[in-house]
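1. Predicted model follows, preceded by the sequence.
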Amino acid sequence: MTEEAVTAEEAQARPRHPGPPARPVALITGASSGIGLATATRLADAGWQTLLSGTDRARLDALAERTGGVALPEDLSKPDGPTRLAEAALAAAGRVDVLVSSAGLGWRGPFADTPSDTLDRMIEVNLAAPLRLIRLLLPGMLERRHGRIVLLGSMAGQVGVRDESGYSATKGGLTMFAESLWYELRGTGVGVRLVLPGAVDTPFFDRRGTPYQRERPRPVSAERVADTVVATITTERDRLYVPHWLGFPARIHGVAPGVFRRMAARFG
């Protein structure tokens, strides 16, 4: 075959000239604070190239300067936000090896009192945006037969929480999406991971309008969740609770929901 007959796909498949291997690339949403910020810091310390997305440009710029990452500010509550972010990420790094979807919004109060714009934003940021972003980045991962999708769920999406119906619904939908996509991607080289924290000590509760008021479970640090997120990239475990003992009440809820409800009414 002559050089002129070589297709673009075949040329891309040829080995490149010797040199240092490219750093793996991670796109982290919600990187301006909380779990996203802690995860971005952990990955940068481990040698990853980080693409940092969030809505606070000043915080993203400061994080990028500190870690050597690339700030990609974007509002994922807008329907076209995921498309703009995917395009910017691919333009900045050429590929995304790992997506860490940690952006999230919450609201606490009776569902009938939920402001309609707040409900819309929760649905967009917590559920629709991750699905749209994955739809755009997944083809490249499948073509390379390599990648990880890490989704930040919540115990609220596993067992339900009083006065957090809308938030729980978005996280429950994300959980079922992760479960279904896991089946679909088996054997492709692309893994789906779901991290399920309980309460986390982040600005999340301030932004939802009410502080965390339960005695149990006690909030864990964002850094502890970030350690779990980073661990999911290399582990084969596809569902991890933070702290890990929360897997026990989740199992009770699954096999004996009536028992769980009585326990939640008494201790929750």
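-> Looks like it came in fine. Predicted model only: the values in this text are computed from it and were never measured.
2. which residue ranges form the strands in this structure?
-> For the chain, strands defined by DSSP state E occupy the ranges 25-29, 49-52, 70-71, 98-101, 147-152, 190-197, 200-201, 220-221, 239-242.
3. okay, the ones you listed in a markdown table with mean pLDDT, mean neighbour count and distance to residue 177 next?
-> In short, each C-beta sits where N, CA and C put it, glycine included. A markdown table is the format used below for the strands of the chain (pLDDT from 0 to 100; neighbours: other C-beta atoms under 10 Å; distance: least, C-beta to C-beta, whole Å):
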| stretch | mean pLDDT | mean neighbour count | distance to residue 177 |
| --- | --- | --- | --- |
| strand 25-29 | 98 | 28 | 15 |
| strand 49-52 | 98 | 25 | 22 |
| strand 70-71 | 98 | 20 | 27 |
| strand 98-101 | 98 | 27 | 11 |
| strand 147-152 | 97 | 24 | 8 |
| strand 190-197 | 95 | 23 | 9 |
| strand 200-201 | 73 | 18 | 21 |
| strand 220-221 | 85 | 16 | 24 |
| strand 239-242 | 84 | 20 | 13 |
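4. between the ones you listed, which one is nearest to residue 85?
-> strand 25-29 (7.5 Å; C-beta to C-beta).
5. Pick out the residue nearest the middle of the protein.
-> residue 101 (2.1 Å; C-alpha atoms, centre = their mean).
6. Tell me, please, the helix or strand in the chain that averages the lowest pLDDT.
-> Ranked by mean pLDDT, DSSP states H and E, the weakest helix or strand in the chain is helix 8-13, scoring a mean of 41.
7. quick check: angle from the top helix by length along the chain to strand 190-197?
-> What stands out as the longest helix in the chain, according to DSSP state H, is helix 165-185. Here the directions of helix 165-185 and strand 190-197 differ by 150 degrees (axes from the mean of the first three to the mean of the last three C-alpha atoms, to 10 degrees).
8. Any buried residues in helix 165-185, and which?
-> By neighbour count on 16 or more other C-beta atoms under 10 Å, the buried set for helix 165-185 is 165-175, 177-178, 181-182, 185.
9. pLDDT on that helix, on average?
-> Average pLDDT, helix 165-185: 95.
10. counting contacts, what elements does that helix pack onto?
-> Counting contacts by 3 or more C-beta pairs under 8 Å, 6 or more residues apart in numbering; DSSP states H and E, helix 165-185 packs against helix 116-122, helix 129-144, strand 147-152, helix 156-159, strand 190-197.
11. Could you measure from the residue lying closest to residue 115 once chain neighbours are set aside over to residue 155?
-> Counting by C-beta to C-beta, 6 or more residues apart in numbering, residue 107 is the residue found nearest to residue 115 once chain neighbours are left out, at 7.7 Å. Relative to residue 155, residue 107 is positioned 17 Å away (C-beta to C-beta, to the nearest Å).
12. and what of residue 110?
-> As for residue 110, its distance to residue 155 is 20 Å (criterion: C-beta to C-beta).
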